[in-house]
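Chemist: I would like the atomic coordinates for the input below:
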Amino acid sequence: MWRGMIVLAGLLGAAGTAHADSHYFCSADDKEARFTLESGFESNGGHRLNHFRGALAVKDESQSAIFGKRVFESRHLTNHWSRDGELLLEVFDPGGDDTGGVTLDLVVVAGERGKAAANFSGTYSLTIEGGSKPYAVEGKVSCGTK
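Modeler: Model (predicted):
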């Protein structure tokens, strides 16, 4: 009897975990940039943002003086979408005194609608504007959920 109740409690606990909040992570490391992003969204209606953080290093020498290493917080996540296996994250850094008004926009599009998976891939685009010359690159990104 006690074993049955313990098993039932374990199953109910696991069922609660299945409806837990969603946590995503994405990373890329290529000749253009290295970054990691981690975000968490509530599982209930609206999928409100719980947390967001990230770090980016731009490898191009002409851009690394300004955006050589950047840390992101929730205020930098300007757009997000997660639905049925598809993930979109847009990170915008408006710059400031330390960048001389130069801005950075990083967009990650990963997964495939209708094909939810624990690990999935996609693309990123990185745009830096406001300097002497616009900078735009694209690359592959790996993402997952935990």
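
Chemist: Spell out for me which residue occupies the centre of the protein.
Modeler: residue 37 (4.0 Å; C-alpha atoms, centre = their mean).

Chemist: Break down the protein into its strands, ranges please.
Modeler: Under the criterion DSSP state E, strands of the chain are mapped to 22-29, 33-41, 49-58, 70-72, 77-83, 86-93, 103-111, 119-129, 135-145.

Chemist: worst average pLDDT in these?
Modeler: When those are compared on mean pLDDT, strand 77-83 scores lowest, with a mean of 87.

Chemist: before we move on, back to that, give the contact list for the residue nearest to the centre of the chain.
Modeler: Contact analysis of residue 37 by C-beta atoms under 8 Å, 6 or more residues apart in numbering lists 24-27, 52-54, 72, 89, 91, 108. All C-beta atoms are positioned from the backbone trio N, CA, C, and that covers glycine.

Chemist: Report pLDDT for the nearest residue to residue 42 once chain neighbours are set aside.
Modeler: In space, residue 42 comes closest to residue 48 once its chain neighbours are excluded; the distance is 4.8 Å by C-beta to C-beta, 6 or more residues apart in numbering. We have a pLDDT of 76 for residue 48.

Chemist: and if you look at residue 100?
Modeler: Reading off the model, residue 100 has pLDDT 86.

Chemist: got a list of what it touches?
Modeler: Residue 100 touches 66, 130-131, counting by C-beta under 8 Å, 6+ apart.

Chemist: okay if I get those as a markdown table plus distance to residue 144, neighbour count and pLDDT?
Modeler: Listed next are the contacts of residue 100 as a markdown table, based on distance: C-beta to C-beta, whole Å; neighbours: other C-beta atoms under 10 Å; pLDDT from 0 to 100:
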| residue | distance to residue 144 | neighbour count | pLDDT |
| --- | --- | --- | --- |
| 66 | 30 | 18 | 86 |
| 130 | 33 | 14 | 89 |
| 131 | 33 | 18 | 80 |
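
Chemist: and the closest residue in space to residue 67 that isn't next to it in sequence, what does it touch?
Modeler: Closest residue in space to residue 67, ignoring its immediate chain neighbours: residue 58 at 4.4 Å, by C-beta to C-beta, 6+ apart. Taking C-beta under 8 Å, 6+ apart, we find residue 58 in contact with 32-33, 64, 67-68, 70, 126, 128.

Chemist: Thank you kindly, that will do.
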